[in-house]
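Student: Model the following, please.
(2 chains)
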Number of protein chains: 2
Amino acid sequence: MSYHLPKEPRYAVAGATGAVGREFLALFEERALPCASMKLLASSRSAGKGMRFRGAELTVEELTEDSFADVDVAFFSCGGDQSRRFAEAATSRGCLVVDNSSAFRMDPQVPLIVPEVNARDMVHEDGSLRSLLIANPNCSTIILCVALAPIQETYGLERVLVSTYQAASGTGEKGMRALIHDSREALAQPQIHDRGLLDFSEGLDECAPVFGHPLAFNLIPQIDVFGQDGRTREEQKMVQETRKIFALPDLLMEATCVRVPVLRSHAESVSIETSRAVDLAEVQCLLASSPGLQIVDDPGERRYPMPSLSSGIDPVLVGRLRLSGVFSRGLSFFLSGDQLLKGAALNGFQIVETLARGS
Amino acid sequence: MSYHLPKEPRYAVAGATGAVGREFLALFEERALPCASMKLLASSRSAGKGMRFRGAELTVEELTEDSFADVDVAFFSCGGDQSRRFAEAATSRGCLVVDNSSAFRMDPQVPLIVPEVNARDMVHEDGSLRSLLIANPNCSTIILCVALAPIQETYGLERVLVSTYQAASGTGEKGMRALIHDSREALAQPQIHDRGLLDFSEGLDECAPVFGHPLAFNLIPQIDVFGQDGRTREEQKMVQETRKIFALPDLLMEATCVRVPVLRSHAESVSIETSRAVDLAEVQCLLASSPGLQIVDDPGERRYPMPSLSSGIDPVLVGRLRLSGVFSRGLSFFLSGDQLLKGAALNGFQIVETLARGS
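Tutor: Got it, this is the predicted structure:
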């Protein structure tokens, strides 16, 4: 396969009206990626809607198999079912697809890419593209792997334990709306002032259809459906995708994924065992000089990663770095990253930027 | 020392107007502990205030060294400074003190008690009391130890890794009030609907003095001050107190403590390595039959521990039980417990109940 991205590609965003699609479009406003044309695609429900793009008013079109004849690069963020249905229609017409769904991530033929970590997996040794379909990893996986990459390279990963604090935006626009709505309802309950006891069965009814339970002032230790092994698909994804991204199929890893009442930044508490001994000052330098990361680690000044700092910005924030209390070689840290940006739209955008630089 | 709790003890609550003090008093309404009299103590600021207790209207008195002459049992929940100042005034007059602060927890002379785990540490072999001062552990420590106890007894603990999700009530009444206030302010920001981007520097000003940062729709990976080793005192407490409660001074343990925008239930994601191999069905039976615990673990029915289920009830909820993905012998689970009840007032109340039964 020999493929070169045109100098001024024609783009499409499938799922343009969703939370991730809108962030993807916003990135074109902020970053200098050449773009000959932009086609906005969505379900028939959103077709006909107008959206601004680089100073022009575009009309959203219905996503169909014929959408991709005049498109060089399509970003898909409209769910696994739509990706499975339409991705091949795009690639068979020579259109490069960056797919944000989980549909193809574990397909051995499909590169699963975090540009800072494994951009080389997109191409053969001769520089030609391995696949016209490239998968964007799970949001929690991306922000974790950006932080793990320099550690893996320098010290080697033996065991990874991660507990997540995942924002409502992981379920898209409707998740954020539901959390806002139900938080208002909760605050309107008079008994919230009576010993902090909310009635979670009363009026908090917009989050349950999205998250399975009330989320306002609550935590839900389930993201996606459960597998046979007592783990959720989100937890399985984090483990399987991390192994694939690092080409470490036997990496020992455990994830516990928890939804929290935060709008659009995920956070993660991470403990790792490394193959070689870790020097804390060295690892701080290492992470500080790694792409996609920003060290926020000054406890005395109360500086550490938080959603309030990471929301709306590109880098993954890493802090609370300390030598492990349980492994003789290892460390623990905390990270926070914007779920809609590096966790989704930005990573996909960077995949295209990387290919554009290489073409 | 020979000590017997009177059949109908005279009680005092120091810090009666605080969130924990009020829960302690509420427990007297719900449980049949004999009580000859109740004295409500607080700072001079709250002295003179009226509070209901078992059908009577009591007046809050100022806490002084002379408060304990006619008291048999005092529950202290008014901060470490007040405990250090007044606990000895009480014990020197023969008054049993159950102290909810961290002031004496690591004092080798002071038993640190979770009744389900180490009630025996309160007494000598002849049944006499070891100390008139008994410490109530840290809230996150208590709910963790209730779950770890049967596992330690049957399988032995080698390594414990815990990431917490801690409610606003950990800072008392003012923490809950601040979260409610700032959540309202956040929801009033028009831009909350614009891509879920809050302005955390604008108007969210009641949480910062309490938590160090905005908490509404945010996460704060700092609880209490930082020590030299990059760990917060809360994290150090969890490790040191767990070691003391289980008499395992060398237990390998790492805690990451995070404040979340929840009102009064803490949650914890726990991964442990055990000395002996764990059988999952066996550990479920074991935990189900252990005091203070309730298994909520039916993933297919979306049943697992959450603050919405654990708030306002006595047991610590445990679920998401699964064999470890990182240790050949071990398991992972999630728990949730009411911070003001088992995490504070209820545990103290049970310490007194245990002594009352034994006297």
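
Student: how far does stretch A:322-329 stretch from start to finish?
Tutor: By Cα to Cα, to the nearest Å, the extent of stretch A:322-329 from end to end equals 11 Å.

Student: how about the helices of chain A, start to end?
Tutor: For chain A, applying DSSP state H gives helices covering A:19-30, A:80-91, A:115-118, A:139-155, A:173-187, A:207-211, A:233-246, A:280-288, A:307-310, A:346-358.

Student: mind putting those helices in CSV, mean neighbour count and distance to chain B included?
Tutor: (Each C-beta comes from the backbone N, C-alpha and C, glycine too.) Output for the helices of chain A, formatted as CSV (neighbours: other Cβ atoms under 10 Å in any protein chain shown; distance: least, Cβ to the nearest Cβ, whole Å):
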stretch, mean neighbour count, distance to chain B
helix A:19-30, 20, 7
helix A:80-91, 18, 21
helix A:115-118, 21, 21
helix A:139-155, 24, 13
helix A:173-187, 21, 4
helix A:207-211, 19, 10
helix A:233-246, 22, 7
helix A:280-288, 15, 8
helix A:307-310, 24, 4
helix A:346-358, 21, 13
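
Student: Dump the ones you listed to JSON lines, plus distance to residue A:224 and mean pLDDT.
Tutor: Converted to JSON lines, the helices of chain A look like this (distance: least, Cβ to Cβ, whole Å; pLDDT from 0 to 100):
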{"stretch": "helix A:19-30", "distance to residue A:224": "16", "mean pLDDT": "95"}
{"stretch": "helix A:80-91", "distance to residue A:224": "11", "mean pLDDT": "97"}
{"stretch": "helix A:115-118", "distance to residue A:224": "23", "mean pLDDT": "98"}
{"stretch": "helix A:139-155", "distance to residue A:224": "11", "mean pLDDT": "98"}
{"stretch": "helix A:173-187", "distance to residue A:224": "13", "mean pLDDT": "96"}
{"stretch": "helix A:207-211", "distance to residue A:224": "11", "mean pLDDT": "96"}
{"stretch": "helix A:233-246", "distance to residue A:224": "4", "mean pLDDT": "98"}
{"stretch": "helix A:280-288", "distance to residue A:224": "29", "mean pLDDT": "97"}
{"stretch": "helix A:307-310", "distance to residue A:224": "21", "mean pLDDT": "98"}
{"stretch": "helix A:346-358", "distance to residue A:224": "19", "mean pLDDT": "94"}
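
Student: Of these, which is nearest residue B:10?
Tutor: Between residue B:10 and those, the tightest spacing by Cβ to Cβ is seen for helix A:173-187, at 40.6 Å.

Student: Which strands or helices does that closest one pack on?
Tutor: With contacts defined as 3 or more Cβ pairs under 8 Å, 6 or more residues apart in numbering or on different chains; DSSP states H and E, helix A:173-187 has these neighbours: helix A:207-211, helix B:173-187.

Student: how about JSON lines for those, with distance to residue B:291 added?
Tutor: Listed next are the helices and strands packed on helix A:173-187 as JSON lines, based on distance: least, Cβ to Cβ, whole Å:
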{"stretch": "helix A:207-211", "distance to residue B:291": "32"}
{"stretch": "helix B:173-187", "distance to residue B:291": "29"}
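
Student: which ones are touching the closest residue to residue A:69 other than its chain neighbours?
Tutor: With sequence-adjacent residues excluded and distances taken as Cβ to Cβ, 6 or more residues apart in numbering or on different chains, residue A:69 is closest to residue A:93, at 5.8 Å. Listed by Cβ atoms under 8 Å, 6 or more residues apart in numbering or on different chains, the contact partners of residue A:93 are A:68, A:69, A:71.

Student: Then residue A:76?
Tutor: For residue A:76, the contact set (Cβ under 8 Å, 6+ apart) comprises A:14, A:15, A:82, A:83, A:86, A:87, A:97, A:98, A:99, A:100, A:101.

Student: now the second one, nearest residue through space, not along the chain?
Tutor: Distance criterion Cβ to Cβ, 6+ apart; nearest residue to residue A:15, sequence neighbours excluded, is residue A:78 at 3.3 Å.

Student: neighbours around that neighbour, how many?
Tutor: Residue A:78 is surrounded by 26 other residues when neighbours are defined as other Cβ atoms under 10 Å in any protein chain shown.

Student: Kindly report the residues of the stretch 1-150 of chain A close to chain B.
Tutor: A:19, A:22, A:23, A:26 (Cβ under 8 Å from any Cβ of the partner chain).

Student: to the chain's geometric centre, what's the distance from stretch A:270-281?
Tutor: Between the mean C-alpha point of stretch A:270-281 and the mean C-alpha point of its chain there is a distance of 25 Å (Cα atoms, centre = their mean, to the nearest Å).

Student: Now that stretch: buried residues?
Tutor: If you call a residue buried by 16 or more other Cβ atoms under 10 Å in any protein chain shown, then stretch A:270-281 has these buried ones: A:270, A:271, A:272, A:273, A:274, A:278.
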